[in-house]
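K.L.:
Okay, predicted coordinates and the sequence, questions at the end:
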Amino acid sequence: MKAELKGLHSPDIDNLENYKPLDDNNFGFLLQVLVGIKGENSEESFDAIVCTPKWIELNYNKNDVILGENFIIMFQYNYKKLFNIISDLINNIEEENWDRIANKLDRIGKWEFREYYEPK
């Protein structure tokens, strides 16, 4: 079973391809990475913050400790680079089932079903 990038979306930005940050050194936004099984018409969301080091510095306290999970750090915004790195990573994942794929992808962005457990 292969993973497939179905799309990138942000509730913060209308058009990711044409987005121009007000300050190239200081931006941050929620990115929803939509992924499904190759050839199937379904997808699930993996959420990450795309930001610059300056944004982290200005949005966190000096006493904070950040483990880096679910952050995609860029020094300047470039949609093609962002899309290509995510696409290459996802399209090279092959596992025996969706849960294994999703657990790998959860390192990139928080899986929308990360903490979901079916009642017994």
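P.N.:
Right, received. Where do you want to start? Numbers count the residues shown, from 1 in each chain.
K.L.:
so what does the longest helix along the chain touch, helix or strand wise?
P.N.:
Using DSSP state H, we find that the single longest helix of the chain is helix 79-91. Secondary-structure packing of helix 79-91 (3 or more CB pairs under 8 Å, 6 or more residues apart in numbering; DSSP states H and E): strand 3-9, strand 28-37. Yep, even glycine has a C-beta here, placed from its N, CA and C like the rest.
K.L.:
out of those strands, deepest packed?
P.N.:
For these, the largest average neighbour count (mean count of other CB atoms under 10 Å) is found in strand 28-37, namely a mean of 20.
K.L.:
Can you name the next helix or strand after it?
P.N.:
Following strand 28-37 in sequence order, the next helix or strand is strand 44-51 (DSSP states H and E).
K.L.:
Pull out the buried residues from the helix or strand following that following strand.
P.N.:
Moving toward the C-terminus from strand 44-51, the next helix or strand (DSSP H and E) is helix 53-59. Neighbour counts over helix 53-59 (16 or more other CB atoms under 10 Å) mark 55-56 as buried.
K.L.:
Who does the helix or strand following helix 53-59 pair with, and is each partner parallel or antiparallel?
P.N.:
Counting by DSSP H and E, the element after helix 53-59 in chain order, helix or strand, is strand 71-73. Using DSSP bridges, the strands paired with strand 71-73 are strand 44-51 (parallel).
K.L.:
Give me the contact list for the partner strand.
P.N.:
Identification of contacts with strand 44-51 by CB atoms under 8 Å, 6 or more residues apart in numbering yields 27-36, 59, 70-74, 77, 82, 102, 105-106, 108-113.
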